[in-house]
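Show me the folded form of this:
(chains A and B)
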Amino acid sequence: MIEDLDHLVEVAVKEVFGTMLNFHVVRDLSGAAPLNGEAHVAGSVGFTGRAIGVIYIYAATTFARQITGVLLGLNEKEVAGDEMVNDAIGEITNMVVGHLKSRLSDRGIPCVLTIPSIVRGTHFRIESISNTQRGLALFRCQKNQFVVETLIKPST
Amino acid sequence: MRPKILTVDDSKTIRLIIARAFKPFDCEVLEASNGTEGLFAAGKHRPDLIILDYTMPIMDGPEMLSRLKCDPQLGHIPVVMLTAEAGRENVVRLARMGVQDYLIKPFKEDLLIDRVGRIINLKAKGEVVAKIKRFDDPLTILLVDDKPKILEQIQFGLAETNWKVHGCSQTGEALAFCNEKPPQVILVSLLLPENEGFDLFQLLRSSVHAKDVPVFGLCVKTATAEQERAQQMGFANMVTKPIDFDDLKSKISRALDLDTSYKYFEQRDGIVHLRCPAEITPLVVREIIKCLSKTITEAVDAGLDKLVLDFSSVNAPDVDLIKLAMSAIQLCRELSVKYQIIGSAALRQESKKYEESSGWLFSDSWEEASRLLNSQVPVNT
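Numbers count the residues shown, from 1 in each chain, chains lettered A, B, ... in the order given. Predicted coordinates for the structure are as follows:
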């Protein structure tokens, strides 16, 4: 059990969004529904070792395109196709998970990362299996919301 | 030659970010998406630096690095490792692997440029074109001194030039100024508290934006220990307070290799005209001698073969002036250039004191000198 997992995730998200995108990100405690029927893009990166888990970061497609544009220095019209967005969201997710992994490693919980993968859809739900620590954090960046969902369990 | 930077990363996004970061610089960015492609590209293009991702499919960063280091042709290429994994163990492992430096994702583009700029010589695009050429070109001088009066003095002392002096009292402010738009010259007080002037110098030498900017140390004459230390560290020159502004201008001119020939030379009626100012100081003599050879050689190359040495305005001719004239005459002989000397009575008197100049022939005016040079009458050659 990692007591401050929620805090570690929040620090990682703020660091990555602040450094790479210059976005000021805050926790959203409003409890609004993560998916509202709008098309979403989810990036996921897993980790395995002394801890096993996966982190998903998902946002509405419009916000994902905005993230991609800022990351690559392009305007939204120049963001061409889903592949560019997938790659950018995958990389952002990879950095967030890499940040978390580094903190776990410093605590004697070494692990390695998987390659990023992308899920797209309007109605999907991430469910955990038993014996898994699950965290769901909602963030807000100006008018946009995004979700970071963490599933983690100690390795046997 | 433009430096080549090879970025090896499986993420197209990261490769695009890196390419964008180096866009303002005169360099070529090559891309590979895994270690295998990276080794091939390194062998083919021989980059000056490799930015290498840690985790990649097919061949990861550590494997590519170890193969690179074993290759006698490529082992010397510096590698900056890019990794999302910042744990202490990982950092120690990277250092042992022989990387020159490493960057943790997420990273700021400025940081990437800074780290790479410490290893290879990055120049901003258009930097060469924007180089200051002449003494009367506008340029910016950054003064870092915690005493506001010094800024006022320097601004006043250089008021007749086209040079703008910007003052900073703190080193952080000075670095920010250099990153925004590097000045052409930096004057740093050597007596800032807590060695800040020396620390700033080190930071400037590793800054991509300011590493080539000449830095002068500024202090009182009696601060000899500070001056010695600054010279050992590589400061371009020393300026002592109270500031001699002719000396400062001369030092800046030499540090930037500014062309000052227009102050003394002109072409008039197909003749090169060297006009010496009324006040001849060692600095003036040094400045004229510095541009003498280049100016006359260029004139000969352009088809001119006559020179007038005009010393008519000189108030107090001395041995330095005689030496200057002798240098010019020697050059005229080497280049087969005909010359005439315009001299005051005082100069004629002075020239008689030395064997080498006692036989010189003088003209009284520009008109007489140019008439003699253009006539068939034998003249000095």
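
okay, the closest residue to chain B within chain A: pLDDT?
Going by C-beta to the nearest C-beta, chain B is nearest to A:Gly98 of chain A, at 2.5 Å. From N, CA and C alone the C-beta is placed, and that goes for glycine too. Listed pLDDT for A:Gly98 reads 90.

For the closest residue in space to it that isn't next to it in sequence, give me the pLDDT.
Nearest residue to A:Gly98, sequence neighbours excluded (C-beta to C-beta, 6 or more residues apart in numbering or on different chains): B:Ala84, at 2.5 Å. At B:Ala84, the pLDDT value in this model is 77.

Could you list which residues are in contact with B:Ala84?
B:Ala84 makes contact with A:94-95, A:97-99, A:101-102, A:113, B:54-55, B:104-105, according to C-beta atoms under 8 Å, 6 or more residues apart in numbering or on different chains.

on that earlier part again, what helix or strand does the residue of chain A closest to chain B sit in?
Secondary structure from DSSP states H and E places A:Gly98 in helix A:81-106.

got the buried residues for that helix?
A:84-105 (16 or more other C-beta atoms under 10 Å in any protein chain shown).

How about stretch B:161-178?
For stretch B:161-178, a neighbour-count test (16+ other C-beta under 10 Å) marks B:161, B:163, B:165, B:167-168, B:171, B:174-175, B:177-178 as buried.

What residues does chain A have near chain B?
Counting by C-beta under 8 Å from any C-beta of the partner chain, the positions of chain A adjacent to chain B are A:15-16, A:19-20, A:68, A:71-73, A:84, A:87-88, A:90-91, A:94-95, A:97-99, A:101-106, A:110, A:113, A:115.

Does B:Ser293 belong to a helix, a strand or coil?
B:Ser293 falls in the helix class when you classify it by DSSP: H, G, I helix; E, B strand; the rest coil.

Quick check, it in contact with B:Leu331.
Yes: at 6.1 Å, B:Ser293 counts as touching B:Leu331 under the criterion of C-beta atoms under 8 Å.

Show me the common contact partners of the two, please.
By C-beta under 8 Å, 6+ apart, no residue touches both B:Ser293 and B:Leu331.

Most proximal residue of the stretch 1-150 of chain B with respect to chain A?
With C-beta to the nearest C-beta as the measure, B:Ala84 is the residue of the stretch 1-150 of chain B nearest to chain A, at 2.5 Å.

beta partners for the residue nearest in space to the middle of chain A?
In chain A, the residue lying closest to the centroid (C-alpha atoms, centre = their mean) is A:Ile57, at 2.6 Å. With DSSP bridges applied, A:Ile57 shows beta-bridge pairing to A:Gly43, A:Val148.

Quick test: name the residue nearest the centre of chain B.
Nearest to the geometric centre of chain B sits B:Leu256, at 4.6 Å (C-alpha atoms, centre = their mean).

For that residue, which residues are in contact?
B:Leu256 touches B:132, B:139, B:184-185, B:214, counting by C-beta under 8 Å, 6+ apart.

Now do the strands in chain A.
Under the criterion DSSP state E, strands of chain A are mapped to A:26-27, A:40-49, A:51-60, A:111-113, A:117-121, A:133-141, A:144-154.

Just send the ones you listed back as a markdown table, with distance to B:Val8 too.
Shown next, in a markdown table, are the strands of chain A (distance: least, C-beta to C-beta, whole Å):
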| stretch | distance to B:Val8 |
| --- | --- |
| strand A:26-27 | 36 |
| strand A:40-49 | 20 |
| strand A:51-60 | 25 |
| strand A:111-113 | 18 |
| strand A:117-121 | 22 |
| strand A:133-141 | 31 |
| strand A:144-154 | 29 |
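
pLDDT weak spots in chain B?
B:85-87, B:126-132, B:376-381 (pLDDT under 70).

For chain A, what is the nearest residue in the stretch 151-300 of chain B?
For the stretch 151-300 of chain B, C-beta to the nearest C-beta, closest residue to chain A: B:Asn179, 16.8 Å.

Without its sequence neighbours, what residue ends up closest to that residue?
Of all residues not flanking B:Asn179 in the chain, B:His209 sits nearest, at 5.3 Å (C-beta to C-beta, 6+ apart).

My read is that that neighbour contacts B:Cys178, right?
Yes: under the criterion of C-beta under 8 Å, B:His209 makes contact with B:Cys178 at 5.3 Å.

residues contacting residue 135?
Here I'm looking at chain A. By C-beta under 8 Å, 6+ apart, the contact set of A:Gly135 is A:5-6, A:9, A:148-150, A:152.

think we crossed wires, I meant chain B
B:Phe135 touches B:161, B:249, B:253, B:258-260, B:262-263, counting by C-beta under 8 Å, 6+ apart.

Can I get the residues you listed in TSV including secondary structure and distance to chain A?
Converted to TSV, those look like this (DSSP: H, G, I helix; E, B strand; the rest coil; distance: C-beta to the nearest C-beta, whole Å):
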residue	secondary structure	distance to chain A
B:Thr161	coil	39
B:Lys249	helix	43
B:Ser253	helix	41
B:Leu258	coil	38
B:Asp259	strand	40
B:Thr260	coil	43
B:Tyr262	helix	44
B:Lys263	helix	46
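
Quick one: buried ones out of those?
For the contacts of B:Phe135, a burial check counting by 16+ other C-beta under 10 Å picks out B:161, B:249, B:253, B:258-260, B:263.

B:Leu94: which of those residues is nearest?
Closest approach between the buried ones among the contacts of B:Phe135 and B:Leu94, by C-beta to C-beta: B:Leu258, at 45.3 Å.

which bits of the stretch 1-150 of chain B sit near chain A?
Checking the stretch 1-150 of chain B against chain A by C-beta under 8 Å from any C-beta, the hits are B:10-14, B:16-17, B:20, B:55, B:57, B:83-90, B:104-108.

Inside helices: which ones of the residues you listed?
Judged by DSSP state H, the subset of the residues of the stretch 1-150 of chain B next to chain A located in helices is B:12-14, B:16-17, B:20, B:88-90.
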